[in-house]
Every structure is written in structure tokens, then in C-alpha cells.
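1. missing the sequence, but the structure's below:
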């Protein structure tokens, strides 16, 4: 009795997409890209937030498109001890926590030079949700004691506005650059297990840019 490989239909479809006719110009409805970028903030919780991810965009018309994506970031949560009013031992380097975040987002955008040209300018806005993980940090205090800080971060809701430029590269490929402003609605809660000191970080704003390269069909 023969068994059909369940992955064959999906593989055949993917090969057909890659090998078959590719839509040209305004007829290319889908854009799938990989991006790298960095944000900057005011130091609470971070100064710089580098990341990378995937994005998929679908053109509703010449002027409008919807997108969705996932991003991964890893950055220094700057000196949590200082946020709690704890003076760290000055003989050692400031102790940061290496935060990691996974962000899922969706957006809408409008093109301002659509159609047959190779270059398109666009504006957009979107909404995201970030799951943030922060490890515990411990170290020596200036008074000879110790600190051991635990951080809990609720899911961040992120409202984004952006602008950018996109250029097609032949029939199949494209590249784009965009700048954005992200308003993070956040709730970070820190507790020093030794002294009992507590502190919080609330909403914060970050600005950044990202470069994307991808495939279109």
C-alpha cells in the first residue's frame, strides 16, 4: 500500500511559484523580505535595540497594501540596579541585563509613486505586540552588600508610524529602507531580592530604521 508524502503538494506549489511566470510592476502582489535594523531610545530600558526579522506585504491596489511580520531583538537593559536606586560597586563595570524580545506586527501603508516606476515612496502605520524576556542580574553594591534583581515584563503593545522608499530589482527582487517611530506601551517591574527595593519602567518611545531585501511575485 503506497503512502503519499504530505509535503509534496506544498513543495510542488513552491517550485511552481519560483519557476513559473513572475508578475511584473504593479502586478506583483506579494513581497516577502528579510530585514535588519536598529532603534534608539533614551536609556530606559535601553539605548540601542538592534534586531532582524521577516515581513510579508500584500498589495490591495496600486496605492494600498497590508503587511505582517515578526522581529527578534536582543539588547542591553541598561543598569537595572541604578533604576532601583542601588549604587553598584564602582570597581567593576556597570552590570546590564541582556533582554530578548519577539515582536509580531501588522500594518497598512499607502504608496505615493505607484505603478510602472522602479521606485516607490510610502507611508504607513501599524500595531505590534512584543514578548520580552529579561534574565536576573546580581552583583556587588558600593556599601559592600549584594543585589539580585528580578524583572517581569508584561506584553508590550507597540504603535508604529513609518515612511520609506522601495526599489524593484529586476522582475523578482526588491530592496527598501524605512524609518519609523515606535510608541511602546510597557510595564516593566523590578525587584531586588536582597533589599526589597522595587522599581518600574512605563511607556517609552524609540526611533529607528531598517533595511529590507526580498522576493516579489
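-> Done, it's in. Everything quoted here is computed from the prediction, not taken from an experiment.

2. Please name the bridge partners of the nearest residue to residue 160 once chain neighbours are set aside.
-> Take residue 160 and drop its neighbours on the chain: the residue closest to it by Cβ to Cβ, 6 or more residues apart in numbering is residue 126, 4.7 Å away. The C-beta positions use only the backbone N, C-alpha and C, and glycine is treated the same way. Residue 126 has the following beta-bridge partners by DSSP bridges: residue 107, residue 160.

3. which regions of the chain lie under the pLDDT threshold?
-> Across the chain, the ranges flagged by pLDDT under 70 are 1-26, 114-116.

4. Walking through it, point out its strands one by one.
-> Secondary structure of the chain, counting by DSSP state E: strands at 30-40, 48-59, 64-77, 97-111, 119-133, 137-140, 146-153, 156-169, 173-185, 188-192, 198-201, 204-216.

5. between these, which gets nearest to residue 89?
-> Nearest of the strands of the chain to residue 89, taken as Cβ to Cβ: strand 137-140 at 3.9 Å.

6. buried set for that closest one?
-> With burial defined by 16 or more other Cβ atoms under 10 Å, the residues of strand 137-140 counted as buried are 137, 139, 140.

7. Identify, from those, the entry nearest to residue 105.
-> Using Cβ to Cβ, the buried residues of strand 137-140 come closest to residue 105 at residue 137, 28.6 Å.

8. Identify the spatial nearest neighbour of the closest one, chain neighbours not counted.
-> Residue 137 sits nearest to residue 97 (Cβ to Cβ, 6+ apart), 4.7 Å away.

9. What's the local residue count around the one you found?
-> For residue 97, the count of nearby residues is 20 (other Cβ atoms under 10 Å).
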